[in-house]
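Chemist: just a sequence and a predicted model for now, questions to come.
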Amino acid sequence: MSASVYLAYDYPLLGAFWTILWIVLWVWWFILLFRVIADIFRDDRLGGWAKAGWLVLTILLPFLGVLLYVLARGRGMGARERSHARAQQEAIDQYIRETAGTPGTRSQADELAKLSEIRARGDITDEEFRRAKEKILH
C-alpha cells in the first residue's frame, strides 16, 4: 500500500468538526445574503437609487455590504418579512374564499332564487321582493 493513500481514520475528529462548522457557516452566510437581497427589493420605503446602492454594495463587497445592511436596516427586516408573509396569507385566503366559497355564505344568485321562491309562495309582496332584491344586489 502506498503512503499517499488516506483512509477515513487518518482524518482526525477535530478536522471533521471544523469542516462541518465551516460548511454550516457558509450555508448560514448564503441564507443571510439572500435574505438581505430579498429585503432590499421588498422594502417600499427605499427609493430606486438606494436599492441600487445597497445591491451594488452587497454584490461587490458581500461581507461588508451585508454587515452594514444588517447594522443599518436590520431592525426592520423582521417586520417587513412578517408583513410580506401576512399579505401572502391574506391573498391565499381570499383566493380560497373566492374559489371554494365559505360554508354558510351564499351567492347573490342563490339569494335571489330563494327570494323568488318566497314571492312565488306568496309570503312577500312584489314591493317587498323589489326592496330585498335591491338590498341583495347592492
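Modeler: It's in. Numbers count the residues shown, from 1 in each chain.
Chemist: which helix is the longest one in this protein?
Modeler: Longest helix of the chain, by residue count under DSSP state H: helix 13-42.
Chemist: what about that one, average pLDDT?
Modeler: For helix 13-42, the mean per-residue pLDDT is 91.
Chemist: now for residue 67, how many residues are close by?
Modeler: For residue 67, the count of nearby residues is 15 (other C-beta atoms under 10 Å). The C-beta positions use only the backbone N, C-alpha and C, and glycine is treated the same way.
Chemist: point out where the protein drops to low pLDDT.
Modeler: Counting by pLDDT under 70, the chain has low-confidence residues at 1-10, 101-106.
Chemist: now do stretch 116-129: everything it contacts.
Modeler: For stretch 116-129, contacts defined as C-beta atoms under 8 Å, 6 or more residues apart in numbering pick out 115, 132.
Chemist: ok, now stretch 47-66?
Modeler: Outside stretch 47-66, the residues touching it (C-beta under 8 Å, 6+ apart) are 32-33, 36-37, 40-41, 43, 46, 68-69.
Chemist: switch to 7 Å and redo it
Modeler: Outside stretch 47-66, the residues that touch it by C-beta atoms under 7 Å, 6 or more residues apart in numbering are 32-33, 36-37, 40-41, 68-69.
Chemist: can you name the two of these that are farthest apart?
Modeler: 41 and 68 (17.3 Å; C-beta to C-beta).
Chemist: assign a three-state SS to residue 93, would you?
Modeler: Following DSSP: H, G, I helix; E, B strand; the rest coil, we place residue 93 in the helix state.
Chemist: how far off centre is stretch 71-85?
Modeler: Centroid separation for stretch 71-85 versus its chain: 12 Å, with C-alpha atoms, centre = their mean, to the nearest Å.
Chemist: so which bits of it are buried?
Modeler: Of all the residues in stretch 71-85, those buried under the rule 16 or more other C-beta atoms under 10 Å are 73, 77, 80.
Chemist: likewise stretch 124-138?
Modeler: Within stretch 124-138, the residues that count as buried by 16+ other C-beta under 10 Å are 129, 132-133, 136.
Chemist: ok, so of the residues you listed, who is nearest residue 14?
Modeler: residue 136 (75.4 Å).
Chemist: any idea what sits nearest the closest one, other than its immediate chain neighbours?
Modeler: Once flanking residues are discounted, residue 136 sits nearest to residue 111: 4.8 Å by C-beta to C-beta, 6 or more residues apart in numbering.
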